[in-house]
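for reference, the sequence and a predicted model appear below.
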Amino acid sequence: MKRPQIGVTGSDRGLPLAWWFIRWALWRSGASATYLTHSCPGDLAALDGIVISGGDDIDRALYLDEDDAPGPADPERDRFEIRVLEHLMGSRLPVLGICRGAQLMNVVRGGTLYPDLRNLRRKTSNRRTPLARKTLLVESASGLEAILGEGRTRINSLHQQAIKDLGEGLVVSGRDLDGFVQAVEHPAEPFLYGVQWHPEYLPLRAPQRALFRALVQAAAGDERFALK
């Protein structure tokens, strides 16, 4: 059986560590992966699904009304991934946004972000770690709960920005113990999820493997993984 082809967006800069982990997670789930960047955008029409991966913070000027907002750490990537997400709207192609990817998915749909959570947390630390040190509370009866198979699970944290006001069509499907959004989904799309953590760095945890497996099965046309 032919493996679904999943595109994974990323940066032209630096060591693409997340790409290697995501590629491995997708391969284990039954898919092949293609790395997409500003300089190598690939052919979206040839793909069966998309992962918008994590990375540098998103330019604050994209969601805040500030004339003196600092410039983005990776402006070319911002522009490239915005074009990809806008192109995918209404395409029904399965999409998974990871960390920055979830945030950008929200911004493209008109939502906003907290630019820095460090002074807003009360119950949890904002210490960055790829280890599963934070608690995710999954919304009951959400598509995410059906995929993870748990209403409460452990996740990692490598971010300082987070979703604030929701973009059009998105609903919250998970929060951390401080109440900050950790996952969103779109009930009107066949498969559109955004998660604030990095499931690719938690390969030994069954719920995190299930997230990639659900994406691949949706990309292969399995209607069980379409949101209802």
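Cool, the structure landed.

doesn't Gly110 make contact with Glu168?
Yes - between Glu168 and Gly110 a contact is recorded at 5.2 Å, counting by Cβ atoms under 8 Å. (Glycine included, C-beta is placed from N, CA and C.)

what is in contact with the two at once?
Counting by Cβ atoms under 8 Å, 6 or more residues apart in numbering, Glu168 and Gly110 have no contacts in common.

longest strand in this structure, by residue count?
Ranked by residue count and defined by DSSP state E, the top strand of the chain is strand 129-138.

need phi/psi at Asp59.
phi -50, psi 120 (degrees, to the nearest 10).

one more: Arg175?
For Arg175, the backbone dihedrals (degrees, to the nearest 10) come out as phi -140, psi 160.

OK, contacts around it?
Leu136, Leu137, Glu139, Val181, Gln182, Ala183.

ok, the residues you listed vs Ile82, which is closest?
Val181 (20.1 Å; Cβ to Cβ).

with adjacent residues omitted, what lies nearest to the closest one?
Once flanking residues are discounted, Val181 sits nearest to Ile163: 4.2 Å by Cβ to Cβ, 6 or more residues apart in numbering.

residues touching the one you found, list them.
Contacts of Ile163 by Cβ under 8 Å, 6+ apart are Ala102, Gln103, Asn106, Gly111, Thr112, Leu113, Tyr114, Phe180, Val181, Val184, Gly194, Gln196.

could you point out the helix or strand that follows the host helix or strand of the second one?
Under DSSP states H and E, the secondary-structure element containing Gln103 is helix 100-108. Downstream of helix 100-108, the first helix or strand assigned by DSSP H and E is strand 113-114.

now do that next one: distance to the chain's middle.
Strand 113-114 sits 15 Å away from the centroid of its parent chain (Cα atoms, centre = their mean, to the nearest Å).

hmm, who's touching it?
Strand 113-114 is contacted from outside by Ile58, Tyr63, Gln103, Asn106, Val107, Leu120, Gln161, Ala162, Ile163, Lys164, Phe180, using Cβ under 8 Å, 6+ apart.

give me the local confidence score for the residue nearest to Val181.
Per-residue confidence at Ile163 stands at 96 (pLDDT).

what's the spacing between it and Val184?
7 Å (Cβ to Cβ, to the nearest Å).

helices of this structure, residue ranges please.
With helices called from DSSP state H, the chain shows them at 17-28, 75-88, 100-108, 143-148, 206-219.

can you add distance to Ser53, mean pLDDT and mean neighbour count and give those helices back as CSV?
Shown next, in CSV, are the helices of the chain (distance: least, Cβ to Cβ, whole Å; pLDDT from 0 to 100; neighbours: other Cβ atoms under 10 Å):
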stretch, distance to Ser53, mean pLDDT, mean neighbour count
helix 17-28, 5, 97, 19
helix 75-88, 9, 94, 18
helix 100-108, 6, 96, 26
helix 143-148, 18, 97, 22
helix 206-219, 12, 97, 22
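
quick check: neighbours shared by Ile163 and Val184?
Counting by Cβ under 8 Å, 6+ apart, the common neighbours of Ile163 and Val184 are Ala102, Asn106, Gly194.
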